[in-house]
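Chemist: What follows is a predicted protein model with its sequence.
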Amino acid sequence: MSATTTVVILMAMAEEAAPIIGELGLVRNGRLLATPLPMVVYEGCVDDLFIALVVNGVDERFGVANVGTQPAVLSAYVAIQQYNPDLIINAGTAGGFGQRGCQIGDVYISAGSFKFHDRRIPLPGYTEYGIGSYPAENTTAMAQALGLKQGAISTGNSLDKTHTDLDMMGVCDADVKEMEAAAIAWVAWLYGKPMIALKAITDLVDSPVRPEEQFVDNLAAASENLCQKVVEVLHYYTEDGPALSLRHKLPAIYA
Ligand code: ADE
């Protein structure tokens, strides 16, 4: 581990990231991660952590945020190359299951492994490959210390869901449905980087109201909640003193 402890925060949408950038006073880095990538980087410090927050930027052709697994993989890869982080945090918004006790505005921290619910490949070995089940850091102590809900996170490339998606999420006991975490977890696993995810709930997957309506209505408030929890998590990693305390709070990777 280098003398400076680096945390990379990967986020899909500018609207999700804006409160965190403001609260932490992060400054936009003139260099893009690598031309011609659309990702935008903001840098700063929290206690003695160096923070690089990467937002996936805007798709030039469609004028919307680069959500989903392709930009997520690309930004994770390039951010690891550029920053060699000690920890990756994927922060963003998500759908949640009311039946599992989830409420709009809740912020979940990842538990268990990161899975996909929309990669169906019914061939020997490929079924499990499709689901992924990439390792996640043990967050139980942090969740208890910060009063965060822990949940299993499931990733797919759609805001809505099919019946098959629902079945897959049911089998995996998913609490949270979103569009990036498992993709990032794959890259983190390839490079042996510890990763956690924090997801603020904008919509209930099992509500009769369409997810896009709920999402638009709740995005701003959920992003504020997300900001508060991301800041608490960063302070949690340094509360016992200097940056190396991050190391003993990530036992799975550094043991
Ligand atoms: N992001 C916010 N809500 C979501 C949902 N229901 N599905 C996937 N990603 C989301």
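Modeler: That came through fine.

Chemist: and the residue of this protein nearest the ligand?
Modeler: Residue nearest to the ligand within the chain: Gly95 (2.5 Å; C-beta to the nearest ligand atom). No exception for glycine: its C-beta is placed from N, CA and C like everyone else's.

Chemist: and that residue, what does it touch?
Modeler: Applying C-beta atoms under 8 Å, 6 or more residues apart in numbering to Gly95 gives the contacts 159, 176-178, 201-205, 211.

Chemist: pLDDT weak spots in the stretch 101-250 of the chain?
Modeler: Within the stretch 101-250 of the chain, the set of residues satisfying pLDDT under 70 comprises 241-245, 247-250.

Chemist: That one: helices as residue ranges?
Modeler: Using DSSP state H, counting those that start in this stretch, the helices of the stretch 101-250 of the chain run over 126-131, 140-146, 163-171, 181-190, 211-238, 245-248.

Chemist: Just say which of those helices is most tucked in.
Modeler: Of all the helices of the stretch 101-250 of the chain, helix 181-190 has the most neighbours on average by mean count of other C-beta atoms under 10 Å, namely a mean of 24.

Chemist: Do you know the pLDDT at the residue sitting nearest the centre point of the chain?
Modeler: Closest to where the C-alpha atoms of the chain average out (C-alpha atoms, centre = their mean) is Asn90, at 2.3 Å. We have a pLDDT of 98 for Asn90.

Chemist: Parallel or antiparallel, list what pairs with the helix or strand encompassing it.
Modeler: Assigned by DSSP states H and E, Asn90 belongs to strand 87-96. Strand pairing for strand 87-96, using DSSP bridges, gives strand 5-11 (parallel), strand 176-178 (antiparallel), strand 195-204 (parallel).

Chemist: Turn the ones you listed into a markdown table, including distance to Asp118 and mean neighbour count.
Modeler: Output for these, formatted as a markdown table (distance: least, C-beta to C-beta, whole Å; neighbours: other C-beta atoms under 10 Å):
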| stretch | distance to Asp118 | mean neighbour count |
| --- | --- | --- |
| strand 5-11 | 20 | 26 |
| strand 176-178 | 10 | 28 |
| strand 195-204 | 17 | 27 |
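
Chemist: Indicate which one of these is closest to Leu146.
Modeler: Of all the strands paired with strand 87-96, strand 195-204 sits nearest to Leu146, with 10.3 Å by C-beta to C-beta.

Chemist: Figure out how far the closest one is from the centre of its chain.
Modeler: Offset of strand 195-204 from its chain centre (C-alpha atoms, centre = their mean, to the nearest Å): 7 Å.

Chemist: for stretch 125-132, same thing?
Modeler: For stretch 125-132 - counting by C-alpha atoms, centre = their mean - the centre lies 21 Å from the chain centre.

Chemist: what's in contact with it?
Modeler: Under C-beta under 8 Å, 6+ apart, the answer for stretch 125-132 is 113-116, 119-121, 155, 168, 172, 182, 185-186.

Chemist: one more time with 7 Å
Modeler: Contact with stretch 125-132 is made by 114-116, 119-121, 182, 186, as judged by C-beta atoms under 7 Å, 6 or more residues apart in numbering.

Chemist: Then stretch 161-179?
Modeler: Contacts for stretch 161-179 (C-beta under 7 Å, 6+ apart): 12, 67-69, 92, 94-97, 100, 102, 108, 115, 117-118, 120, 151-157, 199, 205.

Chemist: Just the buried ones out of those residues, please.
Modeler: 12, 67-69, 92, 94-97, 100, 102, 108, 115, 117-118, 151-156, 199, 205 (16 or more other C-beta atoms under 10 Å).
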